[in-house]
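Peer 1: Quick one: sequence plus predicted model below, questions after.
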Amino acid sequence: MISFLTWQCTGSKSLSRKADKLQEAGLNEEAADFYYKSLQRNPRNVDAKIGLKHTGKEILESLLNEFYKSYSAEDHRMAVQKYREAKNFQDICSPFVDLEIPSYYKDYYEESETTYKNDLYEKANELIYEEKYKDADKELKKIIDLDPTYKDAKELASMTTAEPMYRKGVKLFE
């Protein structure tokens, strides 16, 4: 048992040293990955915690900058994607370090998400009207992935599957 604990700590320190070198070379994402793996092996590795906090903060800031650029350019699809990447990164790091996303970003995200869902919903309805059910289904699934309770997206999605089968059945019956 003692030899296993020694190996575990040694492996953690080795990963942390590799992460330090990657960070010095400006490879923050790779460094963060090594710091994270180091902390998985030994959650008390202080050097890895400090390293993950530092590189994680830089990565999170970069993602939030990309989000804000997309938000400002009114590219709501990309804004939603970048915020979700930032949030996912924050969640992944959270067992070991606390990375903060300022609350105003959440407000911007909710605005972008609402606009994006509305745009997708309108596009899906247009596609349904044009009887392009497969394309409409793709748009509706994007909405459902973001918010399963959004308007009647689930019902419309089931209709985009059922309607073509119904029409095919009617043709075969005739």
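Peer 2: Thanks, I have the structure now.
Peer 1: Tell me how far the nearest residue to Lys134 once chain neighbours are set aside lies from Ala136.
Peer 2: Leaving aside its chain neighbours, Lys134 sits nearest to Thr160 (7.4 Å; criterion: CB to CB, 6 or more residues apart in numbering). Glycine gets a C-beta too; all of them are placed from N, C-alpha and C. Distance, Thr160 to Ala136, by CB to CB, to the nearest Å: 5 Å.
Peer 1: what's the overlap in contacts for these two?
Peer 2: Ile128 (CB atoms under 8 Å, 6 or more residues apart in numbering).
Peer 1: count of neighbours near the residue nearest to Lys134?
Peer 2: For Thr160, the count of nearby residues is 23 (other CB atoms under 10 Å).
Peer 1: How about Glu29?
Peer 2: The burial count for Glu29: 12, using other CB under 10 Å.
Peer 1: quick one on the thing from earlier: how close does the residue nearest to Lys134 sit to Lys168?
Peer 2: Where Lys168 is concerned, Thr160 sits at a distance of 14 Å (CB to CB).
Peer 1: packing partners for the host helix or strand of Leu64?
Peer 2: For Leu64, the host element (DSSP states H and E) is helix 46-72. The helices and strands touching helix 46-72, judged by 3 or more CB pairs under 8 Å, 6 or more residues apart in numbering; DSSP states H and E, are helix 2-24, helix 28-41, helix 76-93, helix 103-129.
Peer 1: Single out the most deeply packed of those helices.
Peer 2: Sort the helices and strands packed on helix 46-72 by mean neighbour count, taking mean count of other CB atoms under 10 Å, and helix 28-41 sits at the top with a mean of 21.
Peer 1: what sits up against that one?
Peer 2: For helix 28-41, using CB under 8 Å, 6+ apart, the contacting residues are 8-9, 11-13, 15-16, 18-20, 22-23, 45, 48-49, 51-52, 55-56, 58-59, 92-93, 95-96.
Peer 1: Having no further points to raise, I will conclude here.
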